[in-house]
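**Student:** Provided below for reference: sequence and predicted model.
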Amino acid sequence: MARYQLILAYDGTHFYGFQRQGRQRTVQIEVEAALRKLGWQGKTLLAAGRTDSGVHAAGQVVAVDLDWQHTPEELGHALNAHLPEDIAVKDVLPTNPNFHPRYDAVARCYEYHIYCEPQRNPLYERYAWRVWPAIDLTILEAAAELFGGTHDFVAFGTPPRTGGSTRRTIMATGWRKAEERLRFEVTADAFLYHMVRRMVFVQVAVAQGKISLKDLEMAIHQATALPPGLAPAKGLVLKQVVYAGS
């Protein structure tokens, strides 16, 4: 019996999030079903975190204990043979028996995609938020710079547990233009519930002139309130979970 770290990618469009939720189709249910076909007898896999309904992942991390007599690469191939087309195992790594993908993580990185076109583009629509009129990348970049450092992000989300801290440390954040899309990338020690989607919504509102940069700065540094709203789930991707030494 050994513990394996699995790196997963999935298209979240047709999932009710990552975590098991009764009979709803979730990523966890599909991965556990594939594992059972390979002799896994565990009750639940360990995961780096939950993604909401419609959210995608390029680097979700889970851990399982499995009696597997072949190579980690062969385990990945075997799992992919049993997984649906909207989930794939990207990598399999043997790890120590005490490894926990959530509690051992030192940072997480998310990205969010936007495109600016007057009509919806079917080639982008599934994975990006359409914003129109077009917004200025320079203003988005100025807004993103304000998030860096350790702050009380109560205006941007809620803690996973009632009464938990809303202080988080943003290690890196910024916007890039990639072909016809704008991509926001943010790395932090941890995130509040809905935090990235809230950050994107507010930055777009700043670029549209609905919120000032000063209002955003006060919300970050003084925890003042901002107008409600979230960017759609479909533009969000869990890009990477970072561990010490990686």
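**Tutor:** Nice, thanks for sending it over.

**Student:** quick one, strands of this structure?
**Tutor:** Secondary structure of the chain (DSSP state E): strands located at 2-10, 46-47, 56-66, 87-95, 105-115, 129-130, 149-152, 167-178, 181-188, 236-243.

**Student:** in terms of secondary structure, what does the longest one contact?
**Tutor:** Applying 3 or more C-beta pairs under 8 Å, 6 or more residues apart in numbering; DSSP states H and E, one finds that strand 167-178 contacts helix 137-145, strand 149-152, strand 181-188. All C-beta atoms are positioned from the backbone trio N, CA, C, and that covers glycine.

**Student:** now, of these, which is deepest in the fold?
**Tutor:** Per residue and on average, the most neighbours among the helices and strands packed on strand 167-178 fall to strand 181-188, with a mean of 21 (mean count of other C-beta atoms under 10 Å).

**Student:** hmm, who's touching that one?
**Tutor:** 107-116, 124, 128, 135, 137, 140, 144, 147, 168-177, 196, 199-200, 203, 239, 242 (C-beta atoms under 8 Å, 6 or more residues apart in numbering).

**Student:** how about the helices and strands packed on strand 167-178, which one is nearest residue 224?
**Tutor:** Closest of those to residue 224 is strand 149-152, at 10.5 Å (criterion: C-beta to C-beta).

**Student:** summarise which helices and strands that closest one is packed against.
**Tutor:** Against strand 149-152 (3+ C-beta pairs under 8 Å, 6+ apart) you get strand 167-178.

**Student:** neighbouring contacts of the longest helix anywhere in the chain?
**Tutor:** In the chain, with assignment by DSSP state H, the single longest helix is helix 195-207. Contacts to helix 195-207, defined as C-beta under 8 Å, 6+ apart, come from residues 110, 112, 114, 129, 131, 135-136, 139-140, 143-144, 147, 153, 156-157, 168, 184, 186, 211-213, 215-216, 219, 226-227, 229-233, 235-236.
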